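1. output the structure for:
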Amino acid sequence: MNLNLLFVFLSAALIILADALIKRASVQGNFASAFFDPWMIAVYVLYFVQILLAVLVFINKGELAIYANLYVVFYCLFGLIVGVLLFKENLSGFQMAGVVLAIVAAVLLNWK
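-> Numbers count the residues shown, from 1 in each chain. Okay, the predicted model is just below:
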């Protein structure tokens, strides 16, 4: 596996984990409570690590166009998995078709 691809994969996974923690901290419906929830410290750390991973991609001569598209695809896929499994959210058939197209896009972006 390409090292940059691994970094993009981890980057998106960390951000989805952080976003899931934000959703968990936000259930009280109060901005101040969510912002100062103890889980938010983990969110800040995860976002910082994601920035470091992006820097590593670009240090390793990663291309912005490829990084950005793969990040979005992985982020969407991880968001879908977390939303469905942890938060019991549902997807329509049309949305599932979009997921399949996202996977095809990730494969095509890495085809050399």
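2. what about the helices in this structure?
-> Remark: helices assigned in the chain by DSSP state H are 3-25, 31-35, 39-59, 64-85, 93-109.
3. can you give me how far the shortest one is from the chain middle?
-> Translated: helix 31-35. 22 Å (CA atoms, centre = their mean, to the nearest Å).
4. buried sites along that helix?
-> Ala34 (16 or more other CB atoms under 10 Å). (C-beta placed from N, C-alpha, C; glycine too.)
5. what pLDDT, on average, does it get?
-> On average, the pLDDT along helix 31-35 is 86.
6. swap in stretch 98-112?
-> Throughout stretch 98-112, pLDDT has a mean value of 80.
7. quick one: terminal-to-terminal distance for stretch 52-70?
-> One end of stretch 52-70 sits 17 Å from the other (CA to CA, to the nearest Å).
8. what does that stretch rub up against?
-> 3-5, 7-8, 10-12, 14, 105-106, 109-110 (CB atoms under 8 Å, 6 or more residues apart in numbering).
9. at 7 Å what do you get?
-> Leu3, Asn4, Phe7, Val8, Leu10, Ser11, Ala105, Ala106, Leu109 (CB atoms under 7 Å, 6 or more residues apart in numbering).
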